[in-house]
Structure formats: C-alpha cells, structure tokens
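Trainee: Task: produce atomic coordinates for the following.
(one chain, ligands or ions: 2)
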Amino acid sequence: MKFKNLHQFLRQEVNRGELGTELAKLIVDISISGKLLDAQIKKYAFSKSIINSSTNVHGEKQHQLDIMAHDIFLNTLKDGRVCSYLISEEYKEILELDPIPNQSIFTVCIDPLDGSSNIDVNVSVGSIFSIYVQDKPASKNSLSLKSGRNQCCGGYLIYGPVTMFIFTYGKQVFGFTLNSELGEFVLTHDNIKLSKEGYTYSVNEGNLNEFPGQVKEYLKFCKHHDQENMLPYKSRYIGSMVADIHRTLFHGGIFLYPSTALFPNGKLRLIYECNPIALIIERAGGLAIDGMRPVLDIPIMSSHQKVPFIAGSYNMVKKVLHLYKNAS
Ligand code: AHM
Ligand code: MG
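Mentor: Residues are numbered from 1 along each chain as shown. Ligands and ions are numbered 1, 2, ... in the order given. Here you go, the predicted model:
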C-alpha cells in the first residue's frame, strides 16, 4: 500500500467530495487527542500516585487517567472550534462548546478511556467516539440525535502494543496505525471487512446464571463438540471492549454483553460505546443487536442510557437474533 498519512488521506477524501471539510477537521482533532492520550497512558499507566478513589456519573471507580482523557478530548475539541456539543462518559451533563458560528452543528459523544480498570495490568484500552451533524440548533438539554443510524462518523482508538485509529464515515471502515518514529497515523487498513463466520466467542461468563435463556442456549451451542463445524468455539474475553471488539473485527467472532437479571439493560452505554462500535461492525459486514433489533435503530432517549450488546460476524449474531425471535 502506498504511504499515506491521515492528513493526506483526509485531504484526498475532501477533494473527492467523500468527506466535508468540517468533519475532516473533527477527525483530525480526535486523532490529536488520541496521540496526546497515548503519551499520557504510557507515562502514567503504572503510576500509583495518580490512582484516585473518585467515582464517575455511573458510580464507578474512576482512574485519574479517565479524567485526563476526558480533559484531553474536551480541550482539543474546544480549540478546534468545530464541535458544538460534547457528551462524555465522564461527565453527567451535555457540554456546550463554542464553535465558529454559521457552520454545521456537530455533536461528539465519547468514552474517553474505555477499559481503564485494566490499565495497571498493561492490557489494551481505548477511546470510543461517535459524531452527529444536526440541521438546526439543538437545545442543550435535549439533543435530537434520534438513533445511531444518524451518526456521520464513528470509531475508536486502541492503545495497545501499537496504537491504532479505526473509523468509518460513508461506506467503508479505515484503519490507521501510529508510526512512533514519525508521530503520525499512517493508513494501514483500507476497507476493513469482518468475516461472515467466526469461531470465537467473547463474554463475561461469570455472569452466566444471570443471562437470558437465549444467551445461555447460544453459549451451550458454542461449547458443544462438532469438529466439522469448528466447534467448540474458542473463548476469548479481555474485559476491555475496544480490545475484544478489535480482535473480533480482524479475526471474526462474537462479542456479548447481554442483559442480566440484575441489570436488564446490561452495562454498556448506547451513545458512546455501542453505537460507534455497531456502525463499524455493520459497515464491515457484521451485525450488532440488543437481542431483538439492530443497535443502530434503538431510539436515543438519554445521554447515558445502557443497552444489551451483541456484535460480530454476521452469521453468528444472526443465530442469536433467531433465538431471541423464536422465544418471543
Ligand atoms: P468502562 O467504560 O467503565 O471501562 O466499562 C466498560 C468496560 C468494557 O470495556 C468491557 O467490555 C466491560 O466494561 C467489562 O465489564 P465486566 O468487567 O463486567 O466484564
Ligand atoms: Mg467504557
């Protein structure tokens, strides 16, 4: 593949009419936040002095890096002056920024640092983002995002052995890798596709007894022996969604965070965790559902709403969908 950094790529896409200038600027701002955060993670991941005992809006333990990550995205987007509203996992209210007047109205939704509970053991973590463009000014308290189908762009950064930036707008999913010598994201994966079949399942099986019957039945299927059909499937669960999804996207498979008896809406949040991942998975040829319906069709009711989430290779997720439909 010919060398192309993120700026060259975006400029070409703008020239071709595939991408608007303002959206291209937002993508650049997100990539800058990712580079800054990457450096902070490497510096502070094991630093005991910055682990604090605060809790976020969801009552979950917050790592100091969660707060740093939020601040990095907020400040970069503020300076970029393209984003109008920011919704962050780490902040209860919708944040109103100060964009240059008379341009499109963009709302960015972010999970600034997903999987931060894994940081101290050097497991890959990530940032997840979703972008909407609105026609008319929205009121700060009720943004009319409607559903994930309206995202104009969605993606994630994964901070692993190498840092990658995966995103989609239009029809394709692109992957860029941070070249540490150049300090730049370089196009390494053009038009990423997810295989229709997969042979790996990824779920926190400690919750098995709490799962709906359909999920229990599917997991039973994953574990039965049928060599011809590559069963039993392999079990792989990191507990850092970006890492589990990244493996699923590149190797095929299924990721599940279903409802449980205690948490009927699961754990993951719709607008800044599930929707952007669902957009990538669908664009790559896979499927993402909450059990009965595509995640991207779920009406957005509030900023921090949770949904059950099942995503991955098309045929695997379809099988779970059938189990849900047959049971209803
Ligand atoms: P976080 O946003 O507070 O990091 O929580 C989300 C994470 C996901 O990355 C991961 O899929 C999930 O929580 C793991 O949850 P569990 O420990 O219940 O399996
Ligand atoms: Mg998260």
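Trainee: How far away from the center of its chain is the strand or helix carrying residue 68?
Mentor: Here residue 68 sits within helix 64-80, counting by DSSP states H and E. Remark: helix 64-80 is offset 17 Å from the chain centroid, using Cα atoms, centre = their mean, to the nearest Å.
Trainee: longest helix of this protein?
Mentor: Longest helix in the chain, counting residues (DSSP state H): helix 21-44.
Trainee: Please report phi then psi for residue 193.
Mentor: The phi and psi values for residue 193, taken as degrees, to the nearest 10, are phi -120, psi 140.
Trainee: elements contacting the helix or strand hosting residue 326?
Mentor: Using DSSP H and E, residue 326 sits within helix 314-327. With contacts taken as 3 or more Cβ pairs under 8 Å, 6 or more residues apart in numbering; DSSP states H and E, helix 314-327 sits against helix 213-223, strand 254-257, strand 287-289, strand 309-312. (C-beta placed from N, C-alpha, C; glycine too.)
Trainee: could you redo the last one with a cut-off of 6 Å?
Mentor: helix 213-223, strand 287-289 (3 or more Cβ pairs under 6 Å, 6 or more residues apart in numbering; DSSP states H and E).
Trainee: where in the stretch 1-150 of the chain is pLDDT low?
Mentor: 48-54, 59, 61, 135-142 (pLDDT under 70).
Trainee: near ligand 1, which residues of it show up?
Mentor: The stretch 1-150 of the chain comes close to ligand 1 at residues 60, 89, 111, 114-117, as judged by Cβ under 6 Å from any ligand atom.
Trainee: Let me know how buried residue 199 is, in neighbour terms.
Mentor: 18 (other Cβ atoms under 10 Å).
Trainee: right, I mislabeled it, should have said residue 113
Mentor: With other Cβ under 10 Å as criterion, residue 113 counts 29.
Trainee: what pairs with the helix or strand containing it, and is each one parallel or antiparallel?
Mentor: Taking DSSP H and E as the definition, one finds residue 113 inside strand 105-114. Take DSSP bridges as the rule and strand 105-114 pairs in its sheet with strand 83-88 (parallel), strand 125-134 (antiparallel).
Trainee: tell me how far the shortest one is from the chain's mean position?
Mentor: Here the centre of strand 83-88 is set off from its chain's centre by 16 Å, with Cα atoms, centre = their mean.
Trainee: Now do the buried residues in it.
Mentor: By neighbour count on 16 or more other Cβ atoms under 10 Å, the buried set for strand 83-88 is 83-88.
Trainee: one step back: nearest to residue 17, out of the strands paired with strand 105-114?
Mentor: For the strands paired with strand 105-114, proximity to residue 17 was assessed by Cβ to Cβ; strand 125-134 is nearest, at 16.0 Å.
Trainee: near ligand 2, anything from that closest one?
Mentor: No - judged by Cβ under 5 Å from the ion, strand 125-134 and ligand 2 are separated, with a smallest distance of 6.9 Å.
Trainee: could you point out which element follows that strand?
Mentor: Immediately after strand 125-134, counting by DSSP H and E, sits strand 151-159.
Trainee: Identify the neighbouring strands of that following strand in the sheet and state each direction.
Mentor: Applying DSSP bridges, one finds strand 151-159 paired with strand 125-134 (antiparallel), strand 163-169 (antiparallel).
Trainee: Relative to the whole chain's centre, how far out is it?
Mentor: On Cα atoms, centre = their mean, the centre of strand 151-159 falls 6 Å from the chain's centre.
Trainee: and it with ligand 2, contact?
Mentor: No - using Cβ under 5 Å from the ion, strand 151-159 never reaches ligand 2; the gap is at least 10.4 Å.
Trainee: what residues does that strand touch?
Mentor: 34, 38, 41, 124-128, 130-133, 164-167, 169, 242, 246, 276, 279 (Cβ atoms under 6 Å, 6 or more residues apart in numbering).
Trainee: Quick check, the residue in the chain closest to ligand 2?
Mentor: Residue of the chain nearest ligand 2, by Cβ to the ion: residue 114 (3.6 Å).
Trainee: what bridges to that residue?
Mentor: Where residue 114 sits in a bridge, its partners, by DSSP bridges, are residue 126.
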